[in-house]
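Enquirer: Using only what follows, build the 3D model:
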Amino acid sequence: MTVVDAAVSSDERLVRDRVAQLLSEHPPSSTSSREFLGAQYDLGLAWVHFPEGYGGLGLSPKLQKIVMEEVAAAGGPNPYYRNPIGYGMGAPTVVTHGSDEQKQRYLRPLFTGEEIWCQLFSEPGAGSDVASLSTRAVRDGDEWIVNGQKVWTTLAHLSRWGMLVARTDPEAPKHKGMTYFVVDMHAPGVEVKPLRQMTGEAEFNEVFFTDVRIPDSERLGDVGEGWRVSLTTLMNERVSIGGAVAPRGSGAIGQAMALWQRRVEKGDADPVLRDRLVRLWIEAEAARLTNIRASQNRRLGTPGPEGSTGKLHFAELNKKIYELCIDLMGMEGQLYTSYEMVRPETAMASDSVQKAFLRARANSIEGGTSEIMRNILGERVLGLPGDVRTDKELPWSQVPRS
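Expert: Numbering: from 1, shown residues only. You can find the predicted model right below:
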């Protein structure tokens, strides 16, 4: 056994011992979700690749898979379900760019679900081109005064904290004049309005800021470094949406397989539908294996542009799978009666195939459109020439806007 192998074995043994301790001292069947997740954080099993004292053990991220599998097998809670934006995007940003005080303050209640997070990037005039945003933050002593509007903000109606990027220097080029803040969503001047989707739900929201005061101590990164900090959030967002590693044959493709089996049992094994199903199963398995390899290569910090591969593939594949599901259901697939206005408790939850089909339309928009993902992969992975950008070095105040 090499020194590296011995270290890996030692690290894996440490993780398995900690998981055994967690499950022994806090049985999921008799422990509240919040208490269980708090104990998981304290044992360094929230994100094993985070530093010790901040929910981690300073180990390889590939060992997190052991924690997830063993906790799930024991019936333990999933922190992602309750707080997907915080868990998948907020925590990596805070641990990478936050002060020790911010890490101590935010990470544990984020992981336990006591404090939900949202992401405040997109605006009516700045969607795919986030750097065009116009929400302003003006310094006033030890505080910043924020005015502007954000849109498509998932779970803003539940959130305690928001990750906000605002314009702090309109005379700098658009990528250089932004600053990143953590904003209290309960602060005076913050107004959240629902955006109803075609599923009937209002998972997304508009958020308005009117003279909202943010202490400078809630800034992440340096003044004017908002774009650099936001890249950590954006890259982790793409990994969070499209980089999950689910068991083979689970998720959307598992639903399609179950619907196919139901047709077969009724004697309706349409060969055309079977061919579509097999092709999509192969595609889903290839994506799953690719995500496993990517997650094993990932380290603490900002994921690379290759994370856009998983997000792009997930968005397009998910839509194709649910289109097949509707076809497999026949006329039943046309029925959807749950258009009641609901403000959900989590994101991307679907309690029916029909609802999942409708919700999947958003996959190619949220977290960066599929067109933007293709641009990123073409330019930053394949090295192809970039789009012409005539405004890149212009001061933001001189860039034409609609």
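
Enquirer: all strands of the chain, in order?
Expert: 117-120, 136-140, 143-150, 161-167, 178-184, 190-195, 204-215, 219-220 (DSSP state E).

Enquirer: Deepest in the core, which of those is it.
Expert: Mean neighbours per residue, mean count of other CB atoms under 10 Å, is largest over the strands of the chain for strand 117-120, with a mean of 28. For the C-beta atoms, the positions are set from N, CA and C on the backbone; glycine is no exception.

Enquirer: Identify the neighbouring strands of that one in the sheet and state each direction.
Expert: Next to strand 117-120 in the sheet, as set by DSSP bridges, lie strand 161-167 (parallel).

Enquirer: Tell me which residue lies farthest from the centre of this protein.
Expert: The C-alpha centroid of the chain is most remote from Gly267, which lies 41.1 Å away (CA atoms, centre = their mean).

Enquirer: Can you lay out the strands of the chain as a markdown table showing mean pLDDT?
Expert: Output for the strands of the chain, formatted as a markdown table (pLDDT from 0 to 100):
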| stretch | mean pLDDT |
| --- | --- |
| strand 117-120 | 96 |
| strand 136-140 | 98 |
| strand 143-150 | 98 |
| strand 161-167 | 98 |
| strand 178-184 | 98 |
| strand 190-195 | 96 |
| strand 204-215 | 97 |
| strand 219-220 | 98 |
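
Enquirer: Distance to Thr369 added to those, as JSON lines?
Expert: Output for these, formatted as JSON lines (distance: least, CB to CB, whole Å):
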{"stretch": "strand 117-120", "distance to Thr369": "16"}
{"stretch": "strand 136-140", "distance to Thr369": "26"}
{"stretch": "strand 143-150", "distance to Thr369": "17"}
{"stretch": "strand 161-167", "distance to Thr369": "18"}
{"stretch": "strand 178-184", "distance to Thr369": "20"}
{"stretch": "strand 190-195", "distance to Thr369": "17"}
{"stretch": "strand 204-215", "distance to Thr369": "15"}
{"stretch": "strand 219-220", "distance to Thr369": "25"}
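
Enquirer: So which of those strands is nearest Gly333?
Expert: Checking those against Gly333 by CB to CB gives strand 204-215 as the closest, at 24.8 Å.

Enquirer: Check the gap between the residue farthest from the centre of the chain and Gly86 for me.
Expert: Separation of Gly267 from Gly86 (CB to CB, to the nearest Å) stands at 48 Å.

Enquirer: domains in this protein, as residue ranges please.
Expert: 3-112, 117-222, 230-381 (automatic domain parsing).

Enquirer: out of those, nearest to Thr390?
Expert: domain 117-222 (12.0 Å).

Enquirer: Could you give the separation of that closest one from the chain centroid?
Expert: Domain 117-222 sits 17 Å away from the centroid of its parent chain (CA atoms, centre = their mean, to the nearest Å).

Enquirer: Distance across it, terminal residue to terminal residue?
Expert: 21 Å (CA to CA, to the nearest Å).

Enquirer: Let me see the ranges of the helices in the chain.
Expert: 3-25, 33-42, 64-73, 79-82, 84-85, 91-97, 100-112, 226-242, 251-265, 271-297, 307-329, 353-359, 370-376 (DSSP state H).

Enquirer: I'd like to know which of those helices has the weakest mean confidence.
Expert: Sorting these by mean pLDDT places helix 226-242 lowest, at a mean of 77.

Enquirer: Quick one, which of the domains of the chain gets closest to Asp387.
Expert: That would be domain 230-381 among these, by CB to CB, at 6.6 Å.

Enquirer: Can you check the distance spanned by the closest one, start to finish?
Expert: Its first and final residues considered, domain 230-381 spans 20 Å by CA to CA.

Enquirer: Nice, that's everything, thank you.
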